[in-house]
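*Asks:* what would the 3D arrangement of this be:
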Amino acid sequence: MTEIKMNSFAVSLLFIFNGCLFGTWAAKVPFFKEIFELDEKTLSILLLVLAFGAVTSFPLAGRLNDKLGVQKSSKISYLLYPIPFIGLALSSNFLLLTISLFFFGFLHGSMDVAMNSWAAKTETLTKKKLMSFFHAMFSLGAGVGAGSTVFFIWADISTVMHFLIVSLLFIPLYLILCKPSAFPLPQNESANGTDNSKLPFMLLSAVGLMAFCSALGEGAIADWGSVIMRQEFSADMSFSAWAYATFSMLMVLSRLSVHFFIEEYGVINIVKGCSLFSLFGAVIIVLVSSPYLALIGFAFMGIGYSVIVPLVFSKAASINQQKSGRVIAFVATFAYGGMLCGPVVIGLIAHQTTLKSALLLLVALPIYTLLTASLLKSNKEFKLKNELKVG
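*Replies:* Numbering: from 1, shown residues only. A predicted model of the protein is given here:
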């Protein structure tokens, strides 16, 4: 395997690993909700703790990533991430669950920054737009994690053993991360280059808000999808897990095929089309009463939320490659802040009204991405004054 292929393979495994652990947790939310007898408000608070852990990690992870390099940062995240994940399964009371969720969110966010920075550098190395592919690997991992929940519930295997097995399956990833050849540097680029260029915060904020809107919907389905199927459509525990699994699988297929459609129709039209898919998917879930029809809504939203976040990360990374860690961390604050904070908002609205009524928020959010799609044009197509101004 060539160095470049090894590099891409390592990044792909990181995204799969990150997604698998998160997807496993997402599909088990109904289990934790019932075991700890949590109502919507309490569950929302717990999800807020998870979100706070992730957002707290971003500034530290960004600077650490630029200082140590993407490979070392990724290896550290890999070693630590399974600890709070398994801690969730071992939690015997509400306090331990809360602590585990905070550190699970913290390590999830740290790995997000490291692997997205590595993915951005891989795009530079290969001169190919691969961000959507890598995010497809995250969705694939999330789908596998959710699917594993269906199997382990059917096999009547404990949650502790389930989470432990999922973590141990990725031991080969650590061996790859230890190989010096896993990350060859692009020509004329040093691992810790200096750069005094100012970050265009207005542009990054506007683009980041696009990611926030899209990721909020993704996070809502991740943490509430299975609960919606069980609570609103009276599905059993096993069938409920298919809500997020279906959502994730459609995200994978969309992200794997998006380059063809971008070449055919352009970035702007794809973003607008995905925004409409997100809107229609939410409307279906709100209006139907059949769990099977609801799966169609989850599928539509899987397509709709598939490409906007990867395109935002790719756009952000192209602005300042030397400070990729900090740029990715800045945008990740919006993207994964939305992904992890979104479920909290849904839960709080559901507590005051109903869970289906809370999903009306997901009908409204795609309007922003629909109106701001032009922000994701390439730097050659979209020139903003002072975007790359050097201070």
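
*Asks:* any idea how far V283 lies from Q231?
*Replies:* V283 sits 19 Å away from Q231, going by C-beta to C-beta, to the nearest Å. In short, each C-beta sits where N, CA and C put it, glycine included.

*Asks:* no wait, K67
*Replies:* Distance from K67 to Q231, by C-beta to C-beta: 45 Å.

*Asks:* who has more neighbours, the two?
*Replies:* Neighbour tally, K67 and Q231, criterion other C-beta atoms under 10 Å: the higher count belongs to Q231, 18 against 12.

*Asks:* give me every residue that touches the closest residue to that one other than its chain neighbours.
*Replies:* Excluding its sequence neighbours, the residue lying closest to Q231 (C-beta to C-beta, 6 or more residues apart in numbering) is L355, at 6.1 Å. Going by C-beta atoms under 8 Å, 6 or more residues apart in numbering, L355 touches E40, W224, V227, I228, Q231, E232, I346.

*Asks:* report pLDDT for L355.
*Replies:* pLDDT recorded at L355 is 84.

*Asks:* if I look at it, how far off is V312?
*Replies:* Counting by C-beta to C-beta, the gap from L355 to V312 is 28 Å.

*Asks:* repeat that for I83.
*Replies:* For I83 relative to V312 (C-beta to C-beta), the value is 30 Å.

*Asks:* same drill for those two, tell me which one is more crowded.
*Replies:* V312 (28 against 13).

*Asks:* secondary structure class for A235?
*Replies:* At A235, secondary structure determined by DSSP: H, G, I helix; E, B strand; the rest coil is coil.

*Asks:* correct me if wrong: it contacts P291.
*Replies:* Yes. A235 is within contact range of P291, at 4.7 Å (criterion: C-beta atoms under 8 Å).

*Asks:* and the helix or strand containing A282, what other elements does it pack with?
*Replies:* Per DSSP states H and E, A282 falls inside helix 267-287. Packing partners of helix 267-287 (3 or more C-beta pairs under 8 Å, 6 or more residues apart in numbering; DSSP states H and E): helix 201-232, helix 242-265, helix 291-304, helix 308-319, helix 355-358, helix 360-364, helix 366-371.

*Asks:* so where's the stretch 201-350 of the chain shaky on pLDDT?
*Replies:* Applying pLDDT under 70 to the stretch 201-350 of the chain flags the ranges 320-324, 340.

*Asks:* and F201, what does it touch?
*Replies:* Per C-beta under 8 Å, 6+ apart, neighbours of F201: F330.

*Asks:* and the gap between it and I35?
*Replies:* F201 is 43 Å from I35, by C-beta to C-beta.

*Asks:* L355 too?
*Replies:* L355 is 20 Å from I35, by C-beta to C-beta.

*Asks:* could you do F104 as well?
*Replies:* Look at F104 and I35: by C-beta to C-beta, they are 17 Å apart.

*Asks:* ok, the two, which is more surrounded?
*Replies:* Neighbour count, other C-beta under 10 Å: between F104 and I35, F104 has more, with 25 against 12.

*Asks:* got phi/psi on S289?
*Replies:* phi -120, psi -10 (degrees, to the nearest 10).

*Asks:* what's the burial count for it?
*Replies:* The burial count for S289: 9, using other C-beta under 10 Å.

*Asks:* didn't it look like it was pressed against F233?
*Replies:* Yes. Assessed by C-beta under 8 Å, S289 is found in contact with F233 at 7.4 Å.

*Asks:* sort out which residues of the one helix or strand M6 maps to are buried, please.
*Replies:* Secondary structure assignment for M6, by DSSP H and E: helix 3-27. Going by neighbour count (16 or more other C-beta atoms under 10 Å), the buried part of helix 3-27 is 6-8, 10-27.

*Asks:* any common contacting residues for A235 and P291?
*Replies:* What both A235 and P291 touch, as defined by C-beta under 8 Å, 6+ apart, is the set M229.

*Asks:* so which residues of the stretch 51-200 of the chain form helices?
*Replies:* Assigned by DSSP state H, counting those that start in this stretch, the helices in the stretch 51-200 of the chain fall at 70-80, 82-90, 94-126, 131-154, 159-168, 171-177.

*Asks:* could I get the average pLDDT for the helix holding M6?
*Replies:* Here the average pLDDT along helix 3-27 is 86.

*Asks:* can you check stretch 132-150 too?
*Replies:* Average pLDDT, stretch 132-150: 86.

*Asks:* buried stuff in that stretch?
*Replies:* If you call a residue buried by 16+ other C-beta under 10 Å, then stretch 132-150 has these buried ones: 132-150.

*Asks:* also stretch 164-171?
*Replies:* Across stretch 164-171, burial judged by 16+ other C-beta under 10 Å covers L164, V166, S167, F170.

*Asks:* the nearest residue to the first one once chain neighbours are set aside: neighbour count?
*Replies:* Spelled out, that is L164. Excluding its sequence neighbours, the residue lying closest to L164 (C-beta to C-beta, 6+ apart) is I86, at 5.9 Å. Neighbourhood size, I86 [other C-beta under 10 Å]: 20.

*Asks:* which ones are touching I86?
*Replies:* So I86 contacts V160, F163, L164, S167 (C-beta under 8 Å, 6+ apart).

*Asks:* can we see that at 10 Å?
*Replies:* Shown in contact with I86 (C-beta atoms under 10 Å, 6 or more residues apart in numbering): L21, S100, F104, T159, V160, H162, F163, L164, V166, S167, L168.
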